[in-house]
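K.L.:
mind folding the following:
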Amino acid sequence: MVTRRELLLGTAGGWLVEQVWAGEAAGTAPDTLTALTGKKPLIRRSFRPPNFETPLAELAAPFTRNDAFFVRYHLAVIPQVDPAAWRLQIAGASAQHPFTLSLKELRSGFGHVSVAAVNQCAGNRRGLFTPRVPGVQWGNGAMGNALWRGVRLRDVLQRAGVAPGALEVVFDGADTPVLPATPDFLKSLPIERALDENTLIALEMNGQPLPHWNGAPARLIVPGWVATYWVKHLTSIRIEPQAFDGFWMKTAYRVPTGAFPGSRFTSQENAESTPVTELMVNSLITSHVSGARLPRGEPVELAGKAWDSGAGIEGVEVSADHGQSWREATLQRDLGRFAWREFRFPLDTSKAGPLEMSVRARSRGGAKQPDKLTPNPSGYHDNIVQTVSLEVV
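P.N.:
Numbers count the residues shown, from 1 in each chain. The predicted structure follows:
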């Protein structure tokens, strides 16, 4: 049995946190800044398993720094994987030629590609949901934008030989539960999404080897889809002819059928519920928080990011009159259709008084941020129009 001390000290092959147990036992607030090994201080949402949110200021850059990127786990035992000993097994009932790869073989045996993409937890902003719903109470920072580099998943699958009738591809990682009764974290993708040219096995993040807390030595990248599918510390890939029936597909990460637009996962769908899949069009103000005071007469710009599932951002609108009228913000450099897009908008600080600034994004696919939340039991896909309350003084 793994003891609490072993988990904290990492002697069970688990994870190490640079904060003494007494700090948590004393009742430290759950949104305090805490440093994981190799990370800057992040907003702690839960301690075991480790769930740490990126502070707003760190989301202002075009690419989110590796040491500031959010951390999301469902299981508490997260081993430090030895790259030399690591192996990736590709098998399954629909794999015609199962095989196993070392990290060296994965790096040298396939062409390398890069994609800039937003990695966002499906429950991002759950802590802002009204009424409150259960789950990790994320604010805005369960997300980040990075340049991912690795090999195409389809190249690996094709070497294994995808048999006719293959339906899903199932992924497992090295993280494990403390208790045997806890379901291991396995996810599946429909075969067509697994074979998409943009789905990668990533080895690098922002030009550096993957950090431990973000999936080293190799993780799945599914641009445009929520982060639950981006399995970390990959160890096993199975090509299967039937729908995977594991807990994290059949029970967790599901929404009412028909509640949201986006790609369907038909082999996992039923009349009541369906898996979350694509990101919703969304935006975030990164330059200011509610309550900020602006000097009268000085030039000030509202700035932030907008993103969607891959159609690309067509525009961002800003309103100063509670949505009665909207003006176009200026879009900055396009980093790629799966990446976020920065926007800027000059603020009128000529008169003292309150400023209520609302922002909404629209995609090239025609989607636009809604004014109201779409109710769902787990608090997924909060993409409503954001408003900040400022004061010119």
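
K.L.:
and after the helix or strand Gln89 falls within, which helix or strand comes next?
P.N.:
Gln89 belongs to strand 87-91 when assigned by DSSP states H and E. Per DSSP H and E, the first helix or strand lying C-terminal to strand 87-91 is strand 99-102.

K.L.:
who's in contact with the top helix by length along the chain?
P.N.:
When the chain is parsed with DSSP state H, its longest helix is helix 153-160. Applying CB atoms under 8 Å, 6 or more residues apart in numbering, the external contacts of helix 153-160 come out as 90-91, 95-99, 101, 106, 110-111, 169, 194-197, 199-201, 220, 237, 239. (C-beta placed from N, C-alpha, C; glycine too.)

K.L.:
list buried residues within those.
P.N.:
90-91, 95, 101, 106, 110, 169, 194-196, 199-201, 220, 237, 239 (16 or more other CB atoms under 10 Å).

K.L.:
so which of those are in helices?
P.N.:
Secondary structure defined by DSSP H assigns Leu106, Ala194 of these to helices.

K.L.:
tell me the one of the buried ones among the contacts of helix 153-160 nearest Pro49?
P.N.:
Nearest to Pro49, judged by CB to CB, of those is Leu220 at 18.4 Å.

K.L.:
once you drop chain neighbours, what's closest to that closest one?
P.N.:
Val231 (4.5 Å; CB to CB, 6 or more residues apart in numbering).

K.L.:
hey, where'd the strands end up in the stretch 1-150 of the chain?
P.N.:
33-34, 42-46, 51-53, 87-91, 99-102, 112-120, 143-152 (DSSP state E, counting those that start in this stretch).

K.L.:
want to try TSV for those strands, with mean pLDDT and distance to Gly353 as columns?
P.N.:
Putting the strands of the stretch 1-150 of the chain into TSV (pLDDT from 0 to 100; distance: least, CB to CB, whole Å) gives the following:
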stretch	mean pLDDT	distance to Gly353
strand 33-34	92	33
strand 42-46	96	32
strand 51-53	98	33
strand 87-91	98	59
strand 99-102	98	62
strand 112-120	98	35
strand 143-152	98	33
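
K.L.:
so which of those is nearest Glu391?
P.N.:
Taking CB to CB, strand 42-46 is the member of the strands of the stretch 1-150 of the chain nearest to Glu391, at 25.0 Å.

K.L.:
just checking, Thr235 touches Arg87?
P.N.:
Yes - counting by CB atoms under 8 Å, Thr235 sits close enough to Arg87 to count as a contact (7.4 Å).

K.L.:
okay, these two: which has more neighbours?
P.N.:
Taking neighbours as other CB atoms under 10 Å, Thr235 and Arg87 compare with Thr235 leading, 16 against 12.

K.L.:
just give the nearest non-adjacent residue to the more buried one, would you?
P.N.:
Per CB to CB, 6+ apart, closest to Thr235 is Ala174, 5.2 Å.

K.L.:
next one: Ser236
P.N.:
Excluding the flanking residues, the one nearest Ser236 by CB to CB, 6+ apart is Asp172, at 4.1 Å.

K.L.:
how many residues are close by Leu167?
P.N.:
Neighbours of Leu167 (other CB under 10 Å): 17.

K.L.:
mind pulling up the pLDDT for it?
P.N.:
Looking at Leu167, its pLDDT reads 98.

K.L.:
one more: Glu6?
P.N.:
What the model reports as pLDDT for Glu6 is 37.

K.L.:
what do you get for Thr130?
P.N.:
Looking at Thr130, its pLDDT reads 88.

K.L.:
same thing with Thr32?
P.N.:
Confidence score, pLDDT, at Thr32: 81.

K.L.:
same question for the one 4 residues further on.
P.N.:
On pLDDT, Leu36 comes in at 94.

K.L.:
what is the neighbour count of Gly366?
P.N.:
Neighbours of Gly366 (other CB under 10 Å): 10.

K.L.:
just say helix, strand or coil for Glu298.
P.N.:
coil (DSSP: H, G, I helix; E, B strand; the rest coil).

K.L.:
quick check: it vs Asp348, distance?
P.N.:
According to CB to CB, to the nearest Å, Glu298 and Asp348 sit 11 Å apart.

K.L.:
among the strands of the stretch 1-150 of the chain, show me which one is buried the most.
P.N.:
When you average the neighbours per residue for each of the strands of the stretch 1-150 of the chain (mean count of other CB atoms under 10 Å), strand 51-53 leads with a mean of 25.

K.L.:
now it, how far from the centre of its chain.
P.N.:
11 Å (CA atoms, centre = their mean, to the nearest Å).

K.L.:
for stretch 342-356, same thing?
P.N.:
31 Å.

K.L.:
then stretch 301-320?
P.N.:
For stretch 301-320 - counting by CA atoms, centre = their mean - the centre lies 18 Å from the chain centre.

K.L.:
how far away is Leu106 from Pro299?
P.N.:
50 Å.

K.L.:
hmm, Arg337 is touching Gly312, no?
P.N.:
Yes - counting by CB under 8 Å, Arg337 touches Gly312, with 4.4 Å between them.

K.L.:
higher neighbour count, the two?
P.N.:
Higher neighbour count among Arg337 and Gly312: Arg337, with 21 against 17, using other CB under 10 Å.

K.L.:
tell me the contacts of that one?
P.N.:
The contact partners of Arg337, by CB under 8 Å, 6+ apart, come to Gly310, Ala311, Gly312.

K.L.:
helices - which of the residues you listed land there?
P.N.:
Using DSSP H, none of the contacts of Arg337 sit in helices.

K.L.:
want to try TSV for those residues, with pLDDT and distance to Arg45 as columns?
P.N.:
As requested, these are exported to TSV (pLDDT from 0 to 100; distance: CB to CB, whole Å):
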residue	pLDDT	distance to Arg45
Gly310	98	27
Ala311	98	30
Gly312	98	30
